[in-house]
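[1] With the sequence up front, the predicted model follows.
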Amino acid sequence: MVEKDAVSISLDEKQNVLKQETDNLITKTSDGETNHQQPQLKGNKIPFQNIPETDHQQKIKTHNKGQSGNVEKGMKDRGTYKGKNYKQCTVCGKKFKCRSDLTSHMKAHRNENPFSCLTCGKCFIQKYSLTCHMRTHTDEKPFSCLACGKSFIQKNILTRHIKTHTCEKPFSCLTCGKGFVQKNKLIHHMRSHTGEKPFSCVTCGKCFFQKHSLTIHIKTHTGEKPFSCLTCGKGFLQKRSWTFHMRSHSGEKHFSCLTCGKHFIESSCLRKHMRTHTGEKPFSCVSCGRDFTHKYSLNCHMRIHTGEKPFTCATCGKAFIQKRNLTGHMRTHTGEKPFSCLTCGKDFNQNSCLNQLNYAKSQNKTSQHCQKNSSVKLNIQRQIQDPLQ
């Protein structure tokens, strides 16, 4: 211990001497006069590596080299990035302005999550993240938009929201020109052009454009539905779906179409509806050029080109492109026929079959089955009205 203290005191003395020598070297000109224009060095700094090393510098450099070995395992020394100092993670290369930010980041690599939620048990690297998470349980939203009054859990979410009012979209797609408020939204959009799906499910191998989509998909394997309706008990994978469902009980419809006056539960539903008036079809197939009103329709169409059939019948193994096709097919096994003809009373297992029948009747091509049953019903009604007839 005595030797370590002696080395530490000696090192401090050498650092003080080095600081004085370095200050003298920078602030003195070659004539020995003091340079009073030091602030001008901001634009034309003297490269530190060009300054001759003194004996003190060389000794301290050798001493520090041995002491900093453990730190360098996770952190790089300070450098310059866009004219600013930064710290860099040697694991993933991410840069940080402050050492404290880098220290917090390193916990992610070590899987260290010291802050836990007492309500659901979820763990976080930073205390601030836990504070924001707790607001999802308390419904506290301290950050409000002055334009529309909408409130948010975090300030950065409010900042992004404000840009929707100002129409500011600084990130543009070089392929189609579409603008985005956030850079990560642009990155996700670019994958729709490249077809890149970097996130894979380890259970079934299905790939996704976004990590968030993979997280939701994994819950379909685990059966987890963390959001439950207090009214009917129905469970949901996403909070957005739960919020949407809750409005179906309250009858709340804030969003109205200015063209036809129809009301909607969500703004996204109103935007999709407006395309029926404008005829806009913003989603195009890169293979055949066909345009679609909704992204879901494009995704289903793309499976025709790729041959993907993600929905499989557990009874017979038959696969389908769309989930609704699987639902209709399952009724052939269960015998369920929920769609009935109001004219003849015939039941169908798919709504499309009932629609075909109704279309035939609208074209004055009513089936013989309908005519026969209609005449029977008419005779029964006549007998009820006039039993003596």
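    Yes, it's here. Residues are numbered from 1 along each chain as shown.

[2] So what's the residue count around residue 298?
    When neighbours are counted by other CB atoms under 10 Å, residue 298 registers 19. Placement of C-beta: from N, CA and C, glycine included.

[3] Check the gap between it and residue 121 for me.
    39 Å (CB to CB, to the nearest Å).

[4] Ok, residue 243 next?
    Relative to residue 121, and taking CB to CB, residue 243 is found at 23 Å.

[5] Residue 100 too?
    For residue 100 relative to residue 121 (CB to CB), the value is 27 Å.

[6] And for residue 329?
    Distance of residue 329 to residue 121, given as CB to CB: 40 Å.

[7] of those two, who's got more company?
    residue 329 (18 against 7).

[8] Confirm that one sits in a helix?
    Yes: counting by DSSP: H, G, I helix; E, B strand; the rest coil, residue 329 is part of a helix.

[9] which ones are touching it?
    For residue 329, the contacting residues are 313, 318, 320, by CB atoms under 8 Å, 6 or more residues apart in numbering.

[10] How about residue 178?
    172, 189 are the contacts of residue 178 under CB under 8 Å, 6+ apart.

[11] Now with 10 Å, please.
    By CB atoms under 10 Å, 6 or more residues apart in numbering, the residues touching residue 178 are 169, 171-172, 185-186, 189, 192, 282.

[12] Just the buried ones from the residues you listed?
    Buried subset of these (neighbour count, 16 or more other CB atoms under 10 Å): 186, 189, 192.

[13] And those residues, which is closest to residue 130?
    residue 186 (29.7 Å; CB to CB).

[14] measure that closest one to residue 212 for me?
    Residue 186 is 16 Å from residue 212, by CB to CB.

[15] Please pull out the lowest mean pLDDT helix or strand from the chain.
    Within the chain, no helix or strand scores below helix 55-67, which has a mean of 41 by mean pLDDT, DSSP states H and E.

[16] quick one: low-confidence ranges for the protein?
    1-86, 107-108, 110-113, 363-389 (pLDDT under 70).

[17] and it, what are its domains?
    Here the domain parsing of the chain from automatic domain parsing is 85-167, 311-370.

[18] And the helices in this protein, which stretches?
    Along the chain, the stretches classed as helices by DSSP state H are 2-27, 55-67, 99-109, 127-138, 155-166, 183-194, 211-222, 239-250, 267-278, 295-306, 323-334, 351-362, 368-385.

[19] ok so, going back, ok, so of the buried ones among the contacts of residue 178, who is nearest residue 353?
    residue 192 (34.8 Å).

[20] Just to check, the closest one is in contact with residue 283?
    Yes: in this structure, residue 192 is within contact of residue 283 by CB atoms under 10 Å, at 8.9 Å.

[21] Identify the contacts common to the two.
    295, 298.

[22] how about the contacts of residue 329 in TSV, adding neighbour count?
    Listed next are the contacts of residue 329 as TSV, based on neighbours: other CB atoms under 10 Å:
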residue	neighbour count
313	15
318	13
320	17
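
[23] and which of those residues is nearest residue 290?
    residue 320 (20.3 Å).

[24] OK, contacts around the closest one?
    Here residue 320 is in contact with 303, 309-313, 326-329 (CB under 10 Å, 6+ apart).

[25] wait, which of those residues is closest to residue 341?
    Nearest to residue 341 among those, with distances taken as CB to CB, is residue 328, at 17.0 Å.

[26] Burial check on that closest one, number of neighbours?
    Other residues close to residue 328 by other CB under 10 Å number 18.

[27] pretty sure it is touching residue 334, no?
    No: taking contacts as CB under 10 Å, residue 328 lies outside contact range of residue 334: 11.1 Å.

[28] what touches both of these two?
    Looking at what touches both residue 328 and residue 334 (by CB under 10 Å, 6+ apart), the common residues are residue 349.

[29] which ones are touching residue 143?
    Counting by CB under 10 Å, 6+ apart, residue 143 touches 150-159, 161.

[30] Report the beta-bridge partners for it.
    Judged by DSSP bridges, the bridge partners of residue 143 are residue 152.

[31] Could you measure from it over to residue 362?
    54 Å.

[32] again, but for residue 229
    39 Å.

[33] Neighbour count for those two, which is higher?
    Between residue 229 and residue 362, counted using other CB under 10 Å, residue 229 has the larger neighbour count: 14 against 9.

[34] residue contacts, that one?
    235-236, 242, 245-246, 248-249.

[35] what about 7 Å?
    Listed by CB atoms under 7 Å, 6 or more residues apart in numbering, the contact set of residue 229 reads 242, 245-246.

[36] Same list (those) but as TSV, adding neighbour count.
    What follows is these, written out as TSV (neighbours: other CB under 10 Å):
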residue	neighbour count
242	17
245	17
246	17
